[in-house]
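>>> sequence plus predicted model, see below.
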Amino acid sequence: MSDQRSGTREGDAGRRAMRPPRWPWLIALALIAYPFYWWNVKRVEVRPNELLVLVNKTGKEIPAEFGDQVVLYPELVKAIAAKTGVSEEKVRDSYKGVQFDVLKEGRYFFSPIWYERIKMPATRIPEGKFGVMIRKYGRPLPPGHTVAVAPDERGPVSGTLSPGRHNINTLAYDLQIFDTIVVPEGFTGVQTRLSGSDPSNPDDYIVKTGERGVQPETLAPGTYLDRNPYETRVDLVDLRSQKYDMFKEDAIEFPSNDGFTIHMEATVEWAIYPDRTPYVIVEVGDLEDVVAKVIRPYTMSLARIQGSKMTAREFMGAREAFQRRLFADLRERCRQQGVQIKAATIRDLKPPERIRSIIRERELADQTMTKYENEITEAQAKAQLVEQEELANQQQSIGDTNKQVVTLVTMSQQTMDVAVTGASQRLDVAKLELEAARRQAEAMIARGQADANVVLLGYKAEAEPLGDMVRAFGSGELFARNMMMQKIAPSIRSVLANTDGPFADIFRDFQKVPAAAPTPAVNAAASADPALKGGK
């Protein structure tokens, strides 16, 4: 038996020695299988608008002292690294749990043996909305807090996410989407912080900014995306004018000074002061509370106070005066409560019917008497009017006559003034013309005298040589004869020079007689008279 077994073992060994080695086939198989594994098993394609989150399948369990944590968030990784003394990178790879970071679109290679590969869509917040993240990991929130302020606290995260795309790890966070907070025109937003530090004075209705409670600042009309509902509650308060009608069953009744019940129906127009809105909301309440706790009680109490000062009869016809006093008192009282009273209109203000009938009859009699008095007054006024009209006509006639007299006197005065002015002007002109004529006559006389003097001087100039010549001849006759002889001498000489004719014969004998020599007187006269010289 032993021989057979040994022979069998030897035969098996020989057969094994004859078989070819297997490792080349294994290498070849590995070279073929690994690329297939790398490309078809490890490859992860993250398409657009997708995210990839890895979950470590293998590794150490997160220490129990950190609680039931499944997300390897940064603060947890730092705490484990500080405790174990290893690097944060090694902690992220060596502990089971969800990795905190997300991977965006692209191609990645992670083995499904070591990682669970979870693809999730990217978060999109539509327009007109905002998001609030709810943290799934971390330690519980401290008492009095509604939002997570520290990075390792669990619960709603402080702040908001605006519209658009956000790469959120939905294994670590939940997302809640809220409508945009819109404060319309005519409204304001009262803010109440739900999380924060305790108020410094718990007895105050309005806390300081940032403390937990109603905030002193309000939101103006507009759109708000940064108000986390877990952190701040916003209550819209209508600041527009409101009306409160006190009719029928809501009418007010109060006693008068003499004990009669007065029925009053009124309308109050009011609004909340914008700067006092937080105080009104905290101290009083909403708009219905304002009416129930402020408007109606004050109106009733002030109406009773004012009504106690008047008798039932005084209320007849005293609606406007009563309304003014009620409005002034109501406005002052409500201002202290942060409520603005814009108007208080009394629709009806009347005492009981039995009092009204008596007062109405008395008023009717008074009205009738007043009517008759008015008619008498009107008739007197008409008579006075007629008398005034006649006086006015008379005054008008007198005035017209006076106007005519004044007009005629004025015209006459103007005509006289014009005539006097014209006569004065003509007198002045005549005086000027007379003076001019006088001066012209004097000039003419002067010119005539000058001309006469010139002529006289000329004559004298001519007469003096003539007189000298006459005196030189001794008498005028001789001088005249001499002048005549000088004038006719040339003619006679020409006649005598002509030898033809009988007339020449008569004078021919005279030419033969020699002329006598001139006397000295004649020669002196001839020398003194230039004309005689010319005659020779």
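Sure, I can see it.
>>> where does V234 fall, secondary structure wise?
If you go by DSSP states H and E, V234 is part of strand 232-238.
>>> which other helices and strands contact that strand?
Under the contact criterion of 3 or more Cβ pairs under 8 Å, 6 or more residues apart in numbering; DSSP states H and E, strand 232-238 touches strand 181-183, strand 187-193, strand 213-219, helix 277-283. Just so you know, the C-beta spots here come from the backbone N, C-alpha and C atoms, and that holds for glycine as well.
>>> quick check: what element follows the last one along the chain?
In other words, helix 277-283. Using DSSP H and E, the helix or strand that follows helix 277-283 in sequence is helix 287-290.
>>> so which bits of that next one are buried?
Across helix 287-290, burial judged by 16 or more other Cβ atoms under 10 Å covers L287, V290.
>>> for that helix, give the mean pLDDT please.
The predicted model assigns helix 287-290 a mean pLDDT of 93.
>>> list of residues touching it?
Here helix 287-290 makes contact (Cβ atoms under 8 Å, 6 or more residues apart in numbering) with V237, D238, Q242, W270, I272, V280, V284, V339.
>>> quick one: contacts for the closest residue to the second one other than its chain neighbours?
Ranked by Cβ to Cβ, 6 or more residues apart in numbering and with sequence neighbours excluded, the top spatial neighbour of D238 is F187, at 5.7 Å. With contacts defined as Cβ under 8 Å, 6+ apart, F187 is in contact with P221, L236, V237, D238, L239, R240.
>>> could you report the pLDDT at F187?
We note a pLDDT of 95 for F187 in this prediction.
>>> and what of the one 5 residues further on?
For T192, the model assigns a pLDDT of 93.
>>> so it touches G213, yeah?
Yes: with contact defined as Cβ atoms under 8 Å, T192 counts as touching G213 (6.7 Å).
>>> more neighbours: these two, which one.
Using other Cβ atoms under 10 Å, the more surrounded residue of T192 and G213 is G213, with 19 against 16.
>>> find the nearest non-adjacent residue to that one, please.
Spatial nearest neighbour of G213, chain neighbours left out: V207 (3.7 Å); criterion: Cβ to Cβ, 6+ apart.
>>> ok, back up a step: and the contacts of helix 287-290, which are buried?
Buried residues within these, defined by neighbour count using 16+ other Cβ under 10 Å: V237, Q242, W270, I272, V280, V284, V339.
>>> gap between A148 and I125?
A148 is 19 Å from I125, where distance means Cβ to Cβ, to the nearest Å.
>>> neighbour-wise, which of the two wins?
Shown here are A148 and I125; by other Cβ under 10 Å, A148 has more neighbours (22 against 19).
>>> helices or strands up against the biggest helix by length in the chain?
If you go by DSSP state H, the chain has its longest helix at helix 353-473. On a contact count with 3+ Cβ pairs under 8 Å, 6+ apart, helix 353-473 meets helix 476-497, helix 520-528.
>>> rerun that using 10 Å as the cut-off
Of the remaining helices and strands, those touching helix 353-473 by 3 or more Cβ pairs under 10 Å, 6 or more residues apart in numbering; DSSP states H and E are strand 261-272, helix 476-497, helix 520-528, helix 530-535.
>>> with distance to Q396 added, can I get the helices and strands packed on strand 232-238 in CSV?
Formatted as CSV, the helices and strands packed on strand 232-238 follow (distance: least, Cβ to Cβ, whole Å):
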stretch, distance to Q396
strand 181-183, 73
strand 187-193, 70
strand 213-219, 73
helix 277-283, 71
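>>> tell me which of those lies nearest to L364.
Closest approach to L364 among the helices and strands packed on strand 232-238 (Cβ to Cβ): helix 277-283, 48.7 Å.
>>> just the buried residues of the closest one, please?
Neighbour count says helix 277-283 has T277, P278, Y279, V280, I281, V282 buried, by 16+ other Cβ under 10 Å.
>>> what's the closest of these to A365?
V280 (51.7 Å).
>>> nearest residue to the closest one in space, please, no chain neighbours.
With Cβ to Cβ, 6+ apart, the residue lying closest to V280 is G338, at 4.2 Å.
>>> report how many residues lie close to that neighbour.
20.
>>> same check on the one 4 residues further on?
The tally of other residues near K342 (other Cβ under 10 Å) stands at 13.
>>> return the residues in contact with the residue nearest to it when sequence neighbours are not counted.
Nearest residue to K342, sequence neighbours excluded (Cβ to Cβ, 6+ apart): E269, at 4.5 Å. Contact analysis of E269 by Cβ atoms under 10 Å, 6 or more residues apart in numbering lists S241, Q242, K243, Y244, Q340, I341, K342, A343, A344, T345.
>>> what are the bridge partners for E269, then?
In this entry, E269 is beta-bridged to K243, A343, by DSSP bridges.
>>> 37 is where my numbering starts, stick with that
I'll keep to 37 as the first residue from here, and by that count the last item is E305.
>>> how far away is it from L366?
11 Å.
>>> low-confidence ranges in the protein?
37-62, 64-66, 388-399, 525-572 (pLDDT under 70).
>>> OK, contacts around R128?
Counting by Cβ under 10 Å, 6+ apart, R128 touches L90, N92, G95, L108, P110, L112, V113, I116, A117, Q135, F136, D137.
>>> what about it, helix or strand, and which?
helix 124-130.
>>> how distant is that helix from the center of its chain?
Chain-centre distance of helix 124-130: 66 Å, with Cα atoms, centre = their mean, to the nearest Å.
>>> report the next helix or strand after it in sequence order.
Counting by DSSP H and E, what follows helix 124-130 is strand 133-135.
>>> may I have the following helix or strand past that next one as CSV, with CA atoms only?
Using DSSP H and E, the helix or strand that follows strand 133-135 in sequence is strand 142-145. The C-alpha trace of strand 142-145 is given here as CSV (Å, rounded to 0.1, in the frame of the first residue of the first chain):
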residue,chain,number,x,y,z
GLY,A,142,-16.2,66.0,-14.6
ARG,A,143,-14.7,62.5,-14.7
TYR,A,144,-13.5,60.8,-11.6
PHE,A,145,-12.0,57.4,-10.7
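>>> please, where are all the strands along the stretch 137-286 of the chain?
Listed in chain order, the strands found in the stretch 137-286 of the chain under DSSP state E, counting those that start in this stretch are 142-145, 151-157, 159-161, 165-171, 191-192, 200-202, 209-215, 217-219, 223-229, 249-255, 258-260, 268-274, 278-282.
>>> let's have the ones you listed in TSV, adding distance to K126.
Output for the strands of the stretch 137-286 of the chain, formatted as TSV (distance: least, Cβ to Cβ, whole Å):
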stretch	distance to K126
strand 142-145	21
strand 151-157	16
strand 159-161	31
strand 165-171	25
strand 191-192	30
strand 200-202	30
strand 209-215	25
strand 217-219	46
strand 223-229	42
strand 249-255	47
strand 258-260	45
strand 268-274	42
strand 278-282	68
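>>> can you give me the end-to-end span of stretch 77-87?
Terminal residues of stretch 77-87 are spaced 19 Å apart (Cα to Cα, to the nearest Å).
>>> do me a favour and get the end-to-end distance for stretch 217-234?
Stretch 217-234 has an end-to-end distance of 26 Å (criterion: Cα to Cα).
>>> residues of that stretch that come out buried?
I217, V219, F223, T224, G225, V226, Q227, T228, R229, L230, S231, G232.
>>> ok, stretch 291-310 next?
S292, F296, I298, M300, E301, A302, V304, W306, A307, I308.
>>> same thing with stretch 480-491?
Within stretch 480-491, no residue qualifies as buried by neighbour count (16+ other Cβ under 10 Å).
>>> one step back: the strand holding V270: partners in the sheet, and parallel or antiparallel?
Counting by DSSP bridges, the strands paired with strand 268-274 are strand 223-229 (antiparallel).
>>> what angle separates the partner strand from strand 297-308?
70 degrees (axes from the mean of the first three to the mean of the last three Cα atoms, to 10 degrees).
>>> what helices or strands is whichever helix or strand P333 is part of leaning on?
Taking DSSP H and E as the definition, P333 sits inside helix 332-343. Under the contact criterion of 3+ Cβ pairs under 10 Å, 6+ apart, helix 332-343 touches strand 278-282, strand 288-291, strand 297-308, helix 355-371, strand 375-386.
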